[in-house]
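*Asks:* What shape does this take:
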Amino acid sequence: MILRGWLGGRECGCAGFAVRHDRPYHAPVRWLLHGTMTSAVGDALRGRGDSIIDASMVGIIAESTHEDVLKAAHKAQLDLMTTDAGVVDAVFEPDAPTFGRSIVYLQLEGGDVEQDDAVDRLFRRYTRLTPGRLYTVTGSRVKIRQLPGGKMTR
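*Replies:* You can find the predicted model right below:
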């Protein structure tokens with residue numbers, strides 16, 4: 001069943017809107033990359049039409065705590081991709097700062113899977129990430145976990 005609606009003065013089927021108007025189904029995502037990552041991760045994200053925001057632009061320095069990273073990403077409305085388990089642990093602490101975007105945790109063992117391959121695998125499986133979720137990408141699978149319920153804002 002195709003829902004019908006008016007757009008720009010003409011009727012169109014909602015299911016075909018993105019195809020007929022050459023627009024991607026997902027809106028570009030603004031990412032904050034945190035931790036040790038290869039440049040290929042940024043290239044893979046840019047290849048999808050996403051943008052990478054430099055950590056220094058949101059006030060993150062080398063001495064920033066995990067909580068500071070979460071606060072800065074939330075304030076700037078950035079999705080977070082990290083290789084740092086400490087950031088993931090920090091979001092589940094009882095006094096964790098509010099975080100209303102998605103987090104992608106690349107939990108890869110050295111040499112097993114390239115980071116850019118892991119990013120490609122994530123987006124092949126989940127074309128749009130849901131805010132308030134933690135996506136853990138391992139060498140063989142992608143796991144999803146909901147972030148603490150009281151921490152998600154709209």
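*Asks:* Could you tell me what pLDDT the model assigned to the nearest residue to residue 123 once chain neighbours are set aside?
*Replies:* Using C-beta to C-beta, 6 or more residues apart in numbering and skipping residues adjacent in sequence, the residue nearest residue 123 is residue 48, 6.4 Å away. Yep, even glycine has a C-beta here, placed from its N, CA and C like the rest. Looking at residue 48, its pLDDT is 90.
*Asks:* Touching, residue 48 and residue 124? I think so.
*Replies:* No: taking contacts as C-beta atoms under 8 Å, residue 48 lies outside contact range of residue 124: 11.0 Å.
*Asks:* thinking again about what came up before, can you give me the neighbour number for the residue nearest to residue 123?
*Replies:* 14 (other C-beta atoms under 10 Å).
*Asks:* Below-threshold pLDDT in this structure: ranges please.
*Replies:* 1-26, 110-113, 149-154 (pLDDT under 70).
*Asks:* quick one, strands of it?
*Replies:* For the chain, the strands defined by DSSP state E cover 4-7, 10-13, 30-34, 51-53, 79-82, 103-106, 133-137, 142-146.
*Asks:* closest one to residue 65 among those?
*Replies:* Closest approach to residue 65 among those is made by strand 30-34 (11.9 Å; C-beta to C-beta).
*Asks:* hang on, the earlier thing: quick one, which of the strands of the chain is nearest to residue 115?
*Replies:* strand 103-106 (5.8 Å).
*Asks:* contacts for that closest one?
*Replies:* 35, 37, 41, 79-83, 85, 87-88, 91, 115, 118-119, 122, 129, 133-137, 147 (C-beta atoms under 8 Å, 6 or more residues apart in numbering).
*Asks:* Using PDB, write down the CA coordinates of it.
*Replies:* The C-alpha coordinates for strand 103-106 follow below in PDB (Å, rounded to 0.1, in the frame of the first residue of the first chain):
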ATOM      1  CA  ILE A 103      27.300   5.700  19.600                       C
ATOM      2  CA  VAL A 104      29.300   3.300  17.400                       C
ATOM      3  CA  TYR A 105      31.900   1.400  19.300                       C
ATOM      4  CA  LEU A 106      34.500  -0.300  17.100                       C
END
